[in-house]
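S.K.: Mind folding the following:
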Amino acid sequence: RKKTLLLSGLGGGVVTVLQAASLPAAFTAAAEILIMTAAAWHGLHEKLNLCLYLGFFYEIGAGLWDFLARSGLGILFHSEDFINPNAPEYLAGIWLVRLGMAGFILFLAAPKEHSHTIRGLASAAALLGLLGAVTLSEQKILPLGEEQTGTWIILSMVLLFSVLFYRLSRQREMELEIARLKQEQAETVERDYQALRRTYEDNAKLYHDLHNHIEALYHCLARGETKEALRYCEDLRTPIREVSQTVWTGDKAADCLISSKMALAGQKQIKTAVHIEYPRNTNIRSADLTTILGNLLDNALEAVQSAPEELRFLNLTIRRINAMLIIKVENGCGNAPKQENGTLITSKSDKAAHGWGLKSVQTAADRYDGALTASYRDGVFQAVVTLSFRPVKTD
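M.R.: Take a look at the predicted model:
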């Protein structure tokens, strides 16, 4: 976002210089639209048609406020020079608006989250622009003309409705993304539940047939077939190991999830290492923790399938550093993950149904002022999630 804002500010400054050079208005307007479109496309990674939309309506907004600033200065000082393109005072309104934009850009470039501020100020600027244009149409100090003020009133109305339409469309996109994330989370929970259910069913069958197993072991030992008896016992231990209730974090859901994923890795001949130092009694919700661990471990188990024998491993590390929780998952990977604009994308053909795992992780991390970073080097993929937590009192 900072890069986009700086490019936008630089573009605005370049266009202001072009205006000062008395170049044709159509040329400077086209230049400004192209610069702002390029800044939006480069910094926001949006579709080109949306970037053109933003650039076009930015030009309308900038032109509207240039007109309002020049007219306002002319009314304030009772001078027509501020609306005369051939007078040096004409640029005063333009520079005033650009300085305001520069201050706004510096404010937004601060390390804060300003998405709501940007949307609110854009709507306020469009509404105030419309009110300002209507007010100027009624003043008698400057000879603005009904055609000029009428044009700006229409453009300001178009700008206002465009801002509202843009906000509604973005809100709709966010709602759809949240719905997809919830669906992905529900599918993950259901998948883990089914895996645990199958394991418990296997155990139930094992205990139900216990007398048969004892009888079989007795005959093996009676015949002196010790190796066969050991192999038989090993087969019986497998489902029991899968649901061994190791206390990894103290969160029952997360502990069951980790145990089931590690058991699944063992079945697939994947080497595992688990190192966990988890703080007790924190504000981190069980649902968020299982979402993060479930998606990271699922991705790791899937990726390691294509890894060569020496890279068939999966490491899970959870560490506490002061009030920061670090969750790191490392795994071997046969192929480098695909990236688009610096963001990891799914390699599956059905991109509409897949690729939401890391987005679910990022959404959960955002609730704790956290972040998700991923890297790949020498056949090893690493995903790291950082979460800020605070202790909570328990009865």
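S.K.: Break the chain down into its domains, please.
M.R.: 2-179, 247-395 (automatic domain parsing).
S.K.: and R312, what is it in contact with?
M.R.: By CB atoms under 8 Å, 6 or more residues apart in numbering, the contact set of R312 is Q269, I270, K271, V304, G332. In this view, the C-beta of every residue, glycine as well, is placed from N, C-alpha and C.
S.K.: From what I see, the second one and F313 are in contact.
M.R.: When you say that, I think you mean I270. Yes - assessed by CB atoms under 8 Å, I270 is found in contact with F313 at 6.6 Å.
S.K.: quick one on the thing from earlier: can you pick the most crowded of the contacts of R312?
M.R.: Among the contacts of R312, G332 has the most neighbours (other CB atoms under 10 Å), with 24 neighbours.
S.K.: chain center to the helix or strand where L68 lies: distance?
M.R.: Per DSSP states H and E, L68 falls inside helix 48-77. Remark: helix 48-77 is offset 31 Å from the chain centroid, using CA atoms, centre = their mean, to the nearest Å.
S.K.: Mean confidence (pLDDT) on it, please.
M.R.: Mean per-residue pLDDT for helix 48-77: 83.
S.K.: Could you dump the contacts of R312 into JSON lines with distance to D366 and secondary structure added?
M.R.: JSON lines is the format used below for the contacts of R312 (distance: CB to CB, whole Å; DSSP: H, G, I helix; E, B strand; the rest coil):
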{"residue": "Q269", "distance to D366": "36", "secondary structure": "coil"}
{"residue": "I270", "distance to D366": "30", "secondary structure": "coil"}
{"residue": "K271", "distance to D366": "32", "secondary structure": "strand"}
{"residue": "V304", "distance to D366": "27", "secondary structure": "helix"}
{"residue": "G332", "distance to D366": "29", "secondary structure": "strand"}
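S.K.: which regions of the stretch 101-250 of the chain sit below the pLDDT cut-off?
M.R.: For the stretch 101-250 of the chain, the stretches with pLDDT under 70 are 102-119, 184-186, 188-193, 195-211, 236-245.
S.K.: from what I can see, Y376 looks like it's in a helix, true?
M.R.: No - per DSSP: H, G, I helix; E, B strand; the rest coil, Y376 lies outside any helix segment and is strand.
S.K.: Kindly state the pLDDT recorded for it?
M.R.: In this prediction Y376 is given a pLDDT of 89.
S.K.: what sits against it?
M.R.: Contacts of Y376 (CB under 8 Å, 6+ apart): C333, A336, P337, Q382.
S.K.: Now list the buried members of these.
M.R.: The neighbour-count test (16 or more other CB atoms under 10 Å) marks C333, Q382 as buried among these.
S.K.: And the furthest pair within the contacts of Y376?
M.R.: A336 and Q382 (12.7 Å; CB to CB).
S.K.: ok, and for stretch 63-70, which residues are buried?
M.R.: Those buried within stretch 63-70 under the rule 16+ other CB under 10 Å are G63, L64, W65, D66, F67, L68, A69, R70.
S.K.: Using PDB, list the CA coordinates for that stretch.
M.R.: Listed in PDB are the C-alpha atoms of stretch 63-70, where the atom choice follows Å, rounded to 0.1, in the frame of the first residue of the first chain:
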ATOM      1  CA  GLY A  63     -10.600  18.000 -11.300                       C
ATOM      2  CA  LEU A  64     -13.600  18.600  -9.100                       C
ATOM      3  CA  TRP A  65     -11.600  19.700  -6.100                       C
ATOM      4  CA  ASP A  66      -9.300  21.800  -8.300                       C
ATOM      5  CA  PHE A  67     -12.400  23.600  -9.500                       C
ATOM      6  CA  LEU A  68     -13.700  24.000  -6.000                       C
ATOM      7  CA  ALA A  69     -10.400  25.200  -4.600                       C
ATOM      8  CA  ARG A  70      -9.900  27.800  -7.400                       C
END
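S.K.: Show me what that stretch is in contact with.
M.R.: 29, 82-83, 90, 92-94, 96-97, 125, 129, 132-133, 136, 152, 155-156, 159.
S.K.: for stretch 141-156, same thing?
M.R.: 60, 63-64, 67, 71, 74-75, 78, 80, 83, 126, 129-130, 132-134, 136-137.
S.K.: All the helices of the stretch 1-150 of the chain, in order from the start?
M.R.: 2-20, 25-44, 48-77, 90-108, 115-136, 146-208 (DSSP state H, counting those that start in this stretch).
S.K.: my bad, should have said the stretch 251-395 of the chain
M.R.: Under DSSP H, counting those that start in this stretch, the stretch 251-395 of the chain gives helices at 252-267, 286-304, 357-366.
S.K.: will you turn these into a markdown table that also has mean pLDDT?
M.R.: Shown next, in a markdown table, are these (pLDDT from 0 to 100):
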| stretch | mean pLDDT |
| --- | --- |
| helix 252-267 | 85 |
| helix 286-304 | 89 |
| helix 357-366 | 84 |
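S.K.: distance of the nearest residue to I327 once chain neighbours are set aside from S137?
M.R.: Nearest residue to I327, sequence neighbours excluded (CB to CB, 6 or more residues apart in numbering): V385, at 4.4 Å. Distance, V385 to S137, by CB to CB, to the nearest Å: 56 Å.
S.K.: ok, back up a step: can you report how many residues lie near the residue nearest to I327?
M.R.: Neighbour tally, V385, other CB under 10 Å: 25.
S.K.: go on, H275?
M.R.: 10.
S.K.: what about it, distance to I178?
M.R.: 33 Å.
S.K.: excluding its backbone neighbours, what's nearest R319?
M.R.: Closest to R319 by CB to CB, 6+ apart is I326, at 4.7 Å.
S.K.: Kindly report the same for S79.
M.R.: E89 (6.7 Å).
S.K.: I figured the one you found hits L76, correct?
M.R.: No - using CB under 8 Å, E89 is not in contact with L76, being 11.6 Å away.
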